[in-house]
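Chemist: Whatever this is, show me its structure:
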Amino acid sequence: MITVSIVSHGHGAMLKPLVAQLAGFAQVSRIILTRNIPEPLDLAPHPALMLRDNARPMGFGANHNAAFRFCETPYFCVLNPDIALPENPFPALLDCLKRSDAALAAPLVVAPSGEIEDSIRHFPTPLALLQKTVGGADGRYATPVHGQPFKADWVAGMFMLFGAAEFRAVNGFDESFFLYYEDVDICARLWRTGRSVVACPRARAIHAARRTSRRNLRYMAWHVRSMLRYFVNHLGRLPRR
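Modeler: Okay, here's the model as predicted:
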């Protein structure tokens, strides 16, 4: 039913429990694990597991697009290797997709401390980013206390469950972005085709964010270039919701 795509960048120690857990979920038919850089992996063989090795490192979008070529299931899940799952999130996510017109569903993501992360947000604008830099709101949605699904502008790429047909219809991720804004961009393109994005707080995932762009100038430069590309492609062109 679901093909899961994971890309490892030296995350070997995190992958063994995650892959074993995913392989035990009835909804997961295939796990495509891409080794973006050479690294040893201590993984038990499993019929659902497919291992890919890149000849050279590739970006977020390119890696998941390449994995999608092997997707033969109705659903395609993009999952970070540093995600932990306290319980099976897929029944709730599939229910969210089936009950809405959404092309993409995502769980509530929390930090290991339990604090809710900023993975469900309003679309960025220059004014909103300026307000954020001076200590204003960061664009996140207030999560409903009742935990009901709600439509969201965009969800972070750490955990995205797509309808495979919808992912294919927008040609997957735009590979002209690199490491940043691929997730914002694909959500914007889904909204522009008349489909929606749904957040499903009943499903939860734990993520230890690295925030590399805040510490490394090269990553920060990639972040800024991707942000500018996003504004060129979408600012003022998104449908009113």
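
Chemist: got a pLDDT number for Phe76?
Modeler: Model confidence at Phe76, expressed as pLDDT, equals 98.

Chemist: What strand or helix carries it?
Modeler: Using DSSP states H and E, Phe76 falls within strand 75-79.

Chemist: what mean pLDDT would you report for the longest helix along the chain?
Modeler: Longest helix of the chain, by residue count under DSSP state H: helix 217-234. When the per-residue pLDDT values of helix 217-234 are averaged, the result is 83.

Chemist: ok, the spatially most central residue of the chain - contacts?
Modeler: In the chain, the C-alpha closest to the average C-alpha coordinate belongs to Gly157, at a distance of 2.1 Å (Cα atoms, centre = their mean). When contacts are counted by Cβ atoms under 8 Å, 6 or more residues apart in numbering, Gly157 touches 60, 78, 80, 182-183. The C-beta positions use only the backbone N, C-alpha and C, and glycine is treated the same way.

Chemist: Mind doing that once more with 10 Å?
Modeler: Shown here is Gly157, whose contacts under the criterion Cβ atoms under 10 Å, 6 or more residues apart in numbering are 60-61, 64, 78-80, 106, 119, 173, 179-184, 186-187.

Chemist: ditto for Ser8
Modeler: Remark: with contacts taken as Cβ under 10 Å, 6+ apart, Ser8 is in contact with 14-15, 33-37, 39, 41, 51, 63, 80-82.

Chemist: partners of the strand holding Phe76 in the sheet?
Modeler: Strands that pair with strand 75-79, judged by DSSP bridges, come out as strand 2-8 (parallel), strand 159-163 (antiparallel).

Chemist: I'd like to know how far Arg35 sits from Leu127.
Modeler: Noted for Arg35: a distance of 41 Å to Leu127, by Cβ to Cβ, to the nearest Å.

Chemist: nope, Pro47 is what I was after
Modeler: On the measure of Cβ to Cβ, Pro47 and Leu127 end up 51 Å apart.

Chemist: if we can go back for a sec, and the contacts of Ser8, which of them are in strands?
Modeler: Those of the contacts of Ser8 mapping onto strands are 33-35, 51, per DSSP state E.

Chemist: Please, a PyMOL command that selects the buried ones among the residues you listed?
Modeler: Restricted to the buried members of the ones in strands among the contacts of Ser8, where burial is judged by 16 or more other Cβ atoms under 10 Å, the PyMOL selection command reads as follows:
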select buried, resi 33+34+35
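
Chemist: And the furthest pair within the ones in strands among the contacts of Ser8?
Modeler: In the ones in strands among the contacts of Ser8, the most distant members under the criterion Cβ to Cβ are Thr34 and Leu51, with 8.1 Å between them.

Chemist: how far off strand 75-79 does the helix or strand where Pro107 lies point, in degrees?
Modeler: When elements are assigned from DSSP H and E, Pro107 belongs to strand 102-110. Taking axes from the mean of the first three to the mean of the last three Cα atoms, to 10 degrees, one finds strand 102-110 and strand 75-79 inclined to each other by 30 degrees.
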